[in-house]
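# need a 3D model of the sequence below.
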Amino acid sequence: MTIANPLAHRGVSDSLGEVETPPWRDRLHDADQLLEQLEAQVEAARRRRAAALKEGAEELGSVYALAKDLDLSWTAVAHAIKKYTTE
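The predicted structure is shown next:
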């Protein structure tokens with residue numbers, strides 16, 4: 001996994017030890033790339049979580065039993081399973 005370095009330094013000013021701030025367009029581009037990568041990671045985590053919830057519901061016999069065991073709303077559990085385990 002590679003994450004773009006939004007703090008990449010593109011030069012040094014005349015003062016020793018000072019780092020020039022990258023132009024706003026570069027910072028915006030770097031931030032957009034980072035957000036895109038993070039969104040992909042979040043989506044993958046949601047799918048893994050939903051798969052685990054589905055397995056738990058199968059093991060415990062129902063979504064309701066799983067939700068009760070996890071102290072979650074059964075509608076939230078059912079929604080997560082339905083939304084993130086369906087292609």
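# gap between the two ends of stretch 19-27?
Its first and final residues considered, stretch 19-27 spans 14 Å by Cα to Cα, to the nearest Å.
# taking the mean pLDDT, what do you get for that stretch?
Averaging pLDDT along stretch 19-27 gives 94.
# A52: which element?
Assigned by DSSP states H and E, A52 belongs to helix 24-60.
# how far is the next helix or strand after that helix from where the chain is centred?
The helix or strand immediately downstream of helix 24-60 is helix 63-70, counting by DSSP H and E. Distance of helix 63-70 from its chain centroid, counting by Cα atoms, centre = their mean, to the nearest Å, is 25 Å.
# over to stretch 16-33?
23 Å.
# returning to that earlier point: the helix holding A52 - contacts with which helices or strands?
Secondary-structure packing of helix 24-60 (3 or more Cβ pairs under 8 Å, 6 or more residues apart in numbering; DSSP states H and E): helix 63-70, helix 74-85. Any C-beta I mention is one placed from the backbone N, CA and C, and that applies to glycine too.
# so that helix versus helix 63-70, what angle?
When axes from the mean of the first three to the mean of the last three Cα atoms, to 10 degrees is applied, the directions of helix 24-60 and helix 63-70 differ by 110 degrees.
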